[in-house]
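**Q** Following is a predicted model, sequence given first.
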There are 2 protein chains.
Amino acid sequence: MQLLFEDLKEKLKKKNINLSYQRLKVLEYLTQVRTHPTVDQIFTDLQKDISTLSKTTVYNTLRVLVQAGLVRVITIEDNETRYDIDVRDHGHFKCESCGKIYDFNIDMNSLIVKDLNNFKIDDKNVYFKGICPQCL
Amino acid sequence: MQLLFEDLKEKLKKKNINLSYQRLKVLEYLTQVRTHPTVDQIFTDLQKDISTLSKTTVYNTLRVLVQAGLVRVITIEDNETRYDIDVRDHGHFKCESCGKIYDFNIDMNSLIVKDLNNFKIDDKNVYFKGICPQCL
DNA sequence: TACATTATTGTACTTAGTACAAATTATAAT
DNA sequence: ATTATAATTTGTACTAAGTACAATAATGTA
């Protein structure tokens, strides 16, 4: 996990994105808390360490990280935008009972569809909903 | 198209959902306007016909229709909830240039993943983003 | 028709996210 | 080190989506 964080710092440097204290803290948080947190969760938790933290900074930082391709946005639910440090292709399952979001492996290449022959595809998201084993 | 609308009216009756004027108008709109409209688009257009229409009614109606399984929610973008009268399995592609949302066929069964063996899956969504042929 | 139930409407409220200017911090050059 | 410049953070005000709820209207039923 620590390796991932150091790796991400390198990637930021290479993209000429300043490694400010706040940005590093957000990045560190996302590498450690793998529950696909919302802005509010990130802000509330980080504020315990950084008392002067502004929610705007969290929004700004996440926008920067998403644009840099280091973080992905999850819009599985219309009323909650979530963030994921894992940008590799994978699906998300939301349990409608406990609310937890699970990652699952998926072969995105097996998804390629003839209908989109002449389309330039930049981003693929697969969202499932239902009930998880623990809640069943 | 008219056949679809009549068919949907039947389904509403069978589910004991009142066929109020407003609900029928929303349903009719969704069968005719296949651009995956937002609440605001539905409300603005229908208000031309129904001057007393309330946005709350549109929200209520859509909730009823979604719960009845006659309409599906599309959360491809975090800042815009859209609605689709086509509840059959299919994917959605959003062009990040013109904003248009395209439907595409997809074999959801080929997607089944071992990671979700003990999960009860109720809803499957596939969202792609990129640039459409017209914008390329 | 009269009653009970359900749906609609409008207002007030909540909350996620944005705009923007002031203050702070970092960067670079001399 | 000092200054000038640029970038970042912060806080406030604002916008817009969506909800809560009570009053009104419409509908179904005996």
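**A** All right, it came through fine.
**Q** could you say what helices and strands the longest strand along chain A packs with?
**A** Determined from DSSP state E, the single longest strand within chain A is strand A:120-131. Applying 3 or more CB pairs under 8 Å, 6 or more residues apart in numbering or on different chains; DSSP states H and E, we find strand A:120-131 packed against strand A:72-77, strand A:91-95, strand B:120-131. To be clear about C-beta, it is placed using only N, CA and C from the backbone, and glycine gets the same treatment.
**Q** Could you rerun that using 6 Å?
**A** Other helices and strands packing on strand A:120-131, by 3 or more CB pairs under 6 Å, 6 or more residues apart in numbering or on different chains; DSSP states H and E, are strand A:91-95, strand B:120-131.
**Q** okay, the angle between that strand and strand B:72-77?
**A** 130 degrees (axes from the mean of the first three to the mean of the last three CA atoms, to 10 degrees).
**Q** Please identify the buried residues of strand A:120-131?
**A** Neighbour counts over strand A:120-131 (16 or more other CB atoms under 10 Å in any protein chain shown) mark A:124-131 as buried.
**Q** In a markdown table, list the helices and strands packed on strand A:120-131 along with distance to DNA strand C and mean pLDDT.
**A** Below are the helices and strands packed on strand A:120-131 laid out as a markdown table (distance: least, CB to the nearest atom of the strand, whole Å; pLDDT from 0 to 100):
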| stretch | distance to DNA strand C | mean pLDDT |
| --- | --- | --- |
| strand A:91-95 | 16 | 96 |
| strand B:120-131 | 16 | 95 |
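**Q** Turn these into a markdown table, including distance to B:S110.
**A** Shown next, in a markdown table, are the helices and strands packed on strand A:120-131 (distance: least, CB to CB, whole Å):
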| stretch | distance to B:S110 |
| --- | --- |
| strand A:91-95 | 13 |
| strand B:120-131 | 11 |
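**Q** what sits against the closest residue in space to A:G91 that isn't next to it in sequence?
**A** Nearest-residue entry for A:G91: A:V126, 3.8 Å, with adjacent residues in sequence omitted and distances by CB to CB, 6 or more residues apart in numbering or on different chains. For A:V126, the contacting residues are A:91, A:106, B:126, by CB atoms under 6 Å, 6 or more residues apart in numbering or on different chains.
**Q** ok, now which ones touch the residue nearest to the spatial centre of chain A?
**A** The centroid of chain A falls nearest to A:D84 when counting by CA atoms, centre = their mean (1.5 Å). Applying CB under 6 Å, 6+ apart to A:D84 gives the contacts A:36, A:72, A:74.
**Q** now with 8 Å?
**A** Applying CB atoms under 8 Å, 6 or more residues apart in numbering or on different chains to A:D84 gives the contacts A:30, A:36, A:71-74, A:92.
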